[in-house]
Structures are given as structure tokens and as C-alpha cells.
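# Predicted model and sequence below, questions to follow.
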Amino acid sequence: MQTIKVILASRPKILSDVIRNLIDCQPDMQVVGEVLDPIELLIAVMATPVDAVIVTPLASTGDPKICHHLLAERPRLKIIALSEEGDAAFLYESKSRKKRIDEPSGQLILSAIRESINRNQKGKKP
Amino acid sequence: MNEPIRIFIADDNRLLREGLASMLAQQEDMIVIGAAASGSEAMEQIKTLHPEVALIDIGMPDKDGIEVTQALHQDSPDVKVIILGMIDLTDEIMACIEAGATGYVLKEGSFDYLVETIRSVHRGESFCSPEVTASLFSRIAELAGARMPKIAKSSIKLTGRELEVVTLIAEGLSNKEIAQRLFIETQTVKNHVHNLLDKLQLHTRLEAVQYARARNLLKKKQ
């Protein structure tokens, strides 16, 4: 089983701790980095073999620019962007594909990442 | 081992609420007995569940953390409330303390810090993040500064002439009329008024009259 590598760019700190704990409890996932600002995140994504990024909080309306920058660098990257209010999360799979998750729980976020990575892997097979 | 600390969590952010519940449940000395996504739901559930410690988010959509804390302080005074705040706003922190909160923790603090706060509050201590404590001390210093002149005023003695002047001001006399009544120059009356305002750290003649009246300093008419 291949481990899904995740970078956290989450604020506030207590939410970041919660997400880290959630991922640490998953046998198929691993936190490979934790950053505090978009520039750090961009550098970390370019320097680390990473499958997914969880960023919080971002305004619930509009596309956060950082997601497009990250996907430009790593088109297969999965990005979960949590809204500032915590009432929604968005899964960015490619520049044109965005999926909204209402009232996101830990399990919903993890499932969205897994499903998206699985879709990619199936797409790769001949 | 002692009974675990019974905890309730109120936060509209599902990920945080459920995540905190899961992490707190991993602590041997804690048990999460309930959670709510809104202030009113929290108030209802807390009344029936009787937690020892309630973690209340400051910014919930229907009733905010301060309103919930106020209500709990009245209806369930045994519940110790820890507010989960987003930013270090002194006025907000003061409002939470006035409402009856026992602790105030910034969400920018770590989970470990929250756990320590829960234990401290459960032991009967009041607890705040270090950043919050700094804000509180600066506000206390401000309040102390505002009280100082009032304290000092109790030891201030007005002269007999100053008391005569303030009594005549209270009767509605102008400086000129006071001067005529006391057989002194108008400028001398002005000096007395200036001195007594300066001594009492007041700004107007009306304030001086109110001060003297409140302390029964006004001379009775002969």
C-alpha cells in the first residue's frame, strides 16, 4: 500500500493539530510537512514529493490563488481548501475541477483525498 | 484513578468540534460527554448533561460564546467555561470574564495547551493563554490608573475659603457675585476656583459642586 503524503498549511494552530492527529491515525497517510504561509507552502510542494495539501482557512467564495499556483507546479496534486467559517471545504483536483464538500468532517476530507487519488491511479492504468 | 473530567464542546466548525472530541477522548483523565454546533443547542444540552468543563467557541452563529457563558453562569453555575477565542481582543476577553468564563484560550494555541487549561480549570484555577494574560494586565493597569485620582481625592482637603466659594457656586452665583459676597477681588475668586479644580482634578464648576455636594462639604446658609 502506497502512503499518501500530505502537507498541512492550516491555521489556527489548534485546527492544524486536529488535522495532523486525524492523518496520524490513518495507516495509509502521513504528514510530511507543516507550513504557515502560501510562499512556504509553494516552496514545500516544489521540494517534497507530496500527494495532497490541506490549507485553512480560505475565504469560502472565490478561488484561492495559491491553489492554482500549486496545481501549475504539480498538476496531480490534491488540494483541500477549508473555508474560513469551517462550513465548507473544496477539493481542487486540477485547474478546472473543483468539488465542494459541505459541513466537512475529518472522514469526508480523508475520503475525498483517497477517492481523488484512486481516480488518478485508475486513469493511469492502460 | 479519579473520575475523568466530563467535557462538553460547542463549536460550529464540524472538523474542529469532532476532531477535538476525538483527541480529548484519547486523554485518560477526560471524557467528552456531548457536543453542539450552535449556542442554543449547547445551552439545552449542557442543562441536561451537566458537564464539569464546557469548551465554548466565541463566534457561533445563533448565540455567541459570551451569551452562552452568561446564560450558563446563571443556569448552570457549576459548569466551568473555557472560551475558545480567535484573536487577542482585550475587550472581548474582559466581556468573557464578566460573563463568567473561567478560562480563555486562543485557537492559535496548541492542543496540548488546551488540555492543560482544561485540567487547571477543573482544579479550580482560572486560566488564560500567556498572550491573553498580557492583555488583561495592561487593561487592569489602565483601570487602576483611572481609579487613582478618585482614591487620592478622599485625602484632599479644601481650605475654608475654597469651601465658601464652591458653596456660593452651588447657589448659582457668578465669580463677580461671589467676589461681592465675600468682599474680595473677582480675580481672587477665579484663583480659588482654579485651585480647587486643580486639587480635585476636575474640569468644570459643576463637577466641583457635585463633588462637594456628594461629600456634604457645602456650607449651610447662615
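Received, thanks.
# And stretch B:178-194, how far out from the chain middle?
With CA atoms, centre = their mean, to the nearest Å as the basis, stretch B:178-194 stands 43 Å off its chain's centre.
# which residues sit against the strand or helix carrying residue B:20?
Per DSSP states H and E: residue B:20 is located in helix B:14-25. With contact meaning CB atoms under 8 Å, 6 or more residues apart in numbering or on different chains, helix B:14-25 is reached by A:14-15, A:17-19, A:21-22, A:82, A:86, A:89, A:103-106, A:109, B:7, B:9-11, B:30-32, B:35, B:37, B:55, B:107, B:111, B:114-115, B:118. In this view, the C-beta of every residue, glycine as well, is placed from N, C-alpha and C.
# For ChimeraX, what selects the buried ones among those?
Those of the contacts of helix B:14-25 that count as buried under 16 or more other CB atoms under 10 Å in any protein chain shown are selected in ChimeraX with:
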select /A:14,15,17,18,19,21,22,82,86,89,104,105,106,109 /B:7,9,10,11,30,32,35,37,55,107,111,114,115,118
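# Among the contacts of helix B:14-25, which are located in helices?
A:14-15, A:17-19, A:21-22, A:106, A:109, B:111, B:114-115, B:118 (DSSP state H).
# Where do the domain boundaries of chain B fall?
Using automatic domain parsing, the domain parsing of chain B gives B:5-144, B:153-214.
# can you list these in a markdown table and add mean pLDDT?
A markdown table is the format used below for these (pLDDT from 0 to 100):
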| stretch | mean pLDDT |
| --- | --- |
| domain B:5-144 | 90 |
| domain B:153-214 | 87 |
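# all helices of the chain, in order?
Because you didn't say which chain, this covers chain A. A:13-24, A:38-47, A:65-73, A:106-124.
# Actually, chain B is the one I wanted.
Going by DSSP H, chain B shows helices at B:14-25, B:39-49, B:65-75, B:90-99, B:111-122, B:130-153, B:160-170, B:175-182, B:186-200, B:205-214.
# Relative to residue B:59, which of the ones you listed is closest?
Among the helices of chain B, the nearest to residue B:59 by CB to CB is helix B:65-75 (6.9 Å).
# buried sites along that closest one?
In terms of neighbour count (16+ other CB under 10 Å), helix B:65-75 has its buried residues at B:65, B:66, B:67, B:68, B:69, B:70, B:71, B:72, B:73.
# re earlier: switch the domains of chain B over to CSV; also include distance to residue A:114.
Converted to CSV, the domains of chain B look like this (distance: least, CB to CB, whole Å):
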stretch, distance to residue A:114
domain B:5-144, 17
domain B:153-214, 70
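# Please list all residues in contact with residue 6.
Assuming you mean chain A. By CB under 8 Å, 6+ apart, the contact list for residue A:6 reads A:23, A:29, A:30, A:31, A:32, A:50, A:51, A:52, A:53, A:54, A:113.
# that's the wrong chain, I meant chain B
Going by CB under 8 Å, 6+ apart, residue B:6 touches B:31, B:33, B:49, B:50, B:51, B:52, B:53.
# Equivalent analysis for residue A:74, please.
Applying CB under 8 Å, 6+ apart to residue A:74 gives the contacts A:45, A:46, A:50.
# and the residue lying closest to residue B:195 once chain neighbours are set aside, how many neighbours?
Leaving aside its sequence neighbours, residue B:195 sits nearest to residue B:162 (CB to CB, 6 or more residues apart in numbering or on different chains; 6.6 Å). Residue B:162 has 20 neighbouring residues, counting by other CB atoms under 10 Å in any protein chain shown.
# for residue B:162, what are its contacts?
For residue B:162, the contacting residues are B:192, B:195, B:196, B:199, by CB under 8 Å, 6+ apart.
# Looking at those, which is nearest residue B:123?
Taking CB to CB as the measure, residue B:199 is the one of the contacts of residue B:162 closest to residue B:123, at 48.9 Å.
# Could you tell me how far stretch B:5-25 lies from the centre of the chain?
Distance, centroid of stretch B:5-25 to centroid of chain: 29 Å (CA atoms, centre = their mean).
# what about it, start to end distance?
10 Å (CA to CA, to the nearest Å).
# who in chain B is up against chain A?
Counting by CB under 8 Å from any CB of the partner chain, the positions of chain B adjacent to chain A are B:12-16, B:18-20, B:22-23, B:84, B:86, B:106-111, B:114.
# circling back to that earlier point, of all the contacts of residue B:162, which comes closest to residue B:79?
residue B:199 (49.7 Å).
# Any figure for the gap between the spatially closest residue to that closest one that is not a sequence neighbour and chain A?
Nearest non-adjacent residue to residue B:199, counting by CB to CB, 6+ apart: residue B:156, 5.4 Å away. Distance of residue B:156 to chain A, computed by CB to the nearest CB, to the nearest Å: 50 Å.
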